[in-house]
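Enquirer: Just the structure for this:
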Amino acid sequence: MIPYGRQHINQADIDAVLQVLQSDYLTQGPAVPAFEQRLCSLTGASHAIAMNSATSALHLACLALGVNSASRVWTSPISFVASANAARYCGAQIDFVDVEAETGNVCIQALRTKLEQARAKDALPNVVIAVHLAGLSCDMQQLRHLSAEFDFRIIEDASHAVGGQYLGQAVGCCQYSDITVFSFHPVKIITTAEGGMALTNQPELAQQMQLLRSHGITREESQMTEPAHGPWYYQQLQLGYNYRMTDLQAALGLSQSTRLANIIARRQHLARRYQQLLAGLPLDCPAQPENILSSYHLFIIRLHDKAKRKAVFEGLRQAGIGVNVHYIPIHTQPYYQQLGFDWGDFPIAEDFYERIISLPLYPELTEQQQDFIREQLSAWL
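Expert: Now for the predicted structure:
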């Protein structure tokens with residue numbers, strides 16, 4: 001089976017993890033801050049907070065921005081459920097904004113229209129979580145303009161997009177957002193097995209997320225309510241969580257990050273080759289907006305005839321091609337239907353879902369495998 005995505009572990013990665021196993025630190029040692037600093041260097045962000053998953057990072061990003069049961073959070077219906085769940089963990093009201101048919105990213109015009117309607121009802125969102133689907137950044141400059149006009153904070157769910165660029169800058173630089181979140185799940189661009197990271201340029205947000213990821217506990221006397229009793233002393237200032245990343249995970253991520261540029265170059269090469277191979281077939285390849293460089297975590301095609309999607313999907317699977325679908329619209333999930341959402345609420349997102357198939361894309365995918373995928377896809381179309 002050719003998987004839709006997979007991790008690549010080389011000897012340098014193995015050696016990095018082995019070095020930690022033979023060290024004095026398996027959990028909170030020097031590899032975690034080193035990995036955080038590497039991501040700051042790669043993105044230009046001022047602060048990075050490593051965590052055990054991107055979901056944890058999204059949760060703490062919401063908490064750091066003050067999201068609670070009185071808050072409203074909007075996001076994209078075309079994403080993994082974690083994008084919306086993070087706000088629900090805080091008790092917030094959740095809503096969605098329809099997407100662009102060409103990219104699956106949030107539609108800026110649809111967002112503006114929804115914001116204007118919400119302002120008339122005194123129901124504006126406190127936070128918008130922008131999802132960079134498949135590694136392609138949303139139009140963050142326009143989103144930032146809207147945030148200034150309508151007074152909301154921005155989280156970039158860039159789980160797919162480490163290594164991508166927007167207007168010549170690295171995704172994660174946080175020029176247009178308050179917090180950016182990356183994922184390091186095995187099928188993502190680089191992996192820590194499980195893991196995530198939040199990046200920000202705002203020191204108060206970084207401090208809050210650092211506190212919350214480790215039970216709300218500090219050992220910094222400057223943050224304590226009374227003088228330390230001694231070098232052993234700590235205080236729990238808030239109700240926090242155990243969202244820490246281990247040194248084992250960070251060492252793997254640190255090693256993988258040294259190859260990030262090569263990984264992105266290979267993914268872009270394979271994506272360009274797909275574009276050439278699939279030209280002329282009754283489908284659309286991922287859009288490539290000007291001045292946005294996708295990291296191509298996924299290669300999502302959109303079939304012209306959505307009635308054929310199931311047959312094409314099953315035919316490719318039978319041929320040993322591990323295609324997938326990213327994603328089932330969040331608002332159609334039973335949990336979110338219980339909150340009042342239903343099919344028909346976001347028609348462009350639903351039409352997008354009914355047409356899409358994610359083709360295999362990862363650095364070790366060969367051109368011969370791509371040729372085979374094209375042959376099988378053409379046969380079923």
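Enquirer: and the closest residue to residue 129 other than its chain neighbours, bridged to which residues?
Expert: Closest residue to residue 129 apart from its sequence neighbours, by CB to CB, 6 or more residues apart in numbering: residue 75 at 4.0 Å. C-beta coordinates here come from the backbone N, C-alpha and C atoms, glycine included. Applying DSSP bridges to residue 75 gives these bridge partners: residue 96, residue 129.
Enquirer: Over to residue 47?
Expert: Beta-bridge partners recorded for residue 47 (DSSP bridges): residue 200.
Enquirer: who's in contact with it?
Expert: Contacts for residue 47 (CB atoms under 8 Å, 6 or more residues apart in numbering) come out as 40, 199-203, 205-206.
Enquirer: so how far is residue 250 from it?
Expert: 16 Å (CB to CB, to the nearest Å).
Enquirer: how close does residue 119 sit to residue 142?
Expert: For residue 119, the distance to residue 142 (CB to CB) stands at 17 Å.
Enquirer: same deal with residue 25?
Expert: 44 Å.
Enquirer: so who does the nearest residue to residue 337 once chain neighbours are set aside touch?
Expert: With sequence-adjacent residues excluded and distances taken as CB to CB, 6+ apart, residue 337 is closest to residue 331, at 7.7 Å. By CB under 8 Å, 6+ apart, the contact set of residue 331 is 77, 96, 337, 341-342, 345-346, 349.
Enquirer: try it again with 7 Å
Expert: Residues counted as contacts of residue 331 (CB atoms under 7 Å, 6 or more residues apart in numbering) are 77, 96, 341, 345-346.
Enquirer: go on, residue 105?
Expert: Residues near residue 105 by CB under 7 Å, 6+ apart: 76, 99, 131-133, 136, 138.
Enquirer: per-residue confidence for residue 27?
Expert: Listed pLDDT for residue 27 reads 86.
Enquirer: can you tell me which residue is nearest the centre of the protein?
Expert: The geometric centre of the chain, computed from its C-alpha atoms, lies nearest to residue 159 (CA atoms, centre = their mean), at 1.7 Å.
Enquirer: Give me the distance between that residue and residue 182.
Expert: Distance, residue 159 to residue 182, by CB to CB: 6 Å.
Enquirer: anything in contact with each of those two?
Expert: Common contact partners of residue 159 and residue 182 (CB under 7 Å, 6+ apart): residue 54.
Enquirer: so where does the closest residue to residue 160 other than its chain neighbours fall, helix or strand?
Expert: Excluding its sequence neighbours, the residue lying closest to residue 160 (CB to CB, 6+ apart) is residue 297, at 3.8 Å. Applying DSSP states H and E as the criterion places residue 297 outside every helix and strand.
Enquirer: My guess is residue 297 contacts residue 190. True?
Expert: No: Residue 297 is not in contact with residue 190 according to CB atoms under 7 Å; the separation is 10.6 Å.
Enquirer: Okay, and the beta partners of residue 51?
Expert: With DSSP bridges as the criterion, residue 51 is bridged to residue 196.
Enquirer: For it, give me its contacts.
Expert: 57, 195-198, 213, 243, 245.
Enquirer: could I get those residues as CSV with distance to residue 355, pLDDT and neighbour count?
Expert: Listed next are the contacts of residue 51 as CSV, based on distance: CB to CB, whole Å; pLDDT from 0 to 100; neighbours: other CB atoms under 10 Å:
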residue, distance to residue 355, pLDDT, neighbour count
57, 31, 98, 32
195, 32, 98, 27
196, 29, 98, 27
197, 32, 98, 30
198, 33, 99, 32
213, 39, 98, 23
243, 36, 98, 22
245, 37, 98, 28
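Enquirer: will you turn these into a markdown table that also has distance to residue 304?
Expert: Formatted as a markdown table, the contacts of residue 51 follow (distance: CB to CB, whole Å):
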| residue | distance to residue 304 |
| --- | --- |
| 57 | 37 |
| 195 | 38 |
| 196 | 36 |
| 197 | 38 |
| 198 | 39 |
| 213 | 46 |
| 243 | 43 |
| 245 | 43 |
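Enquirer: so what are the domain limits for this protein?
Expert: For the chain, automatic domain parsing gives the domain ranges 11-257, 260-380.
Enquirer: any idea of the mean pLDDT for the shortest one?
Expert: This means domain 260-380. 98.
Enquirer: Ends of it, what's the gap?
Expert: 35 Å (CA to CA, to the nearest Å).
Enquirer: How about the first one?
Expert: Separation of the first and last residues of domain 11-257 by CA to CA is 14 Å.
Enquirer: Could you check how far it is from the centre of its chain?
Expert: Relative to its chain's centre, domain 11-257 lies at 9 Å (CA atoms, centre = their mean, to the nearest Å).
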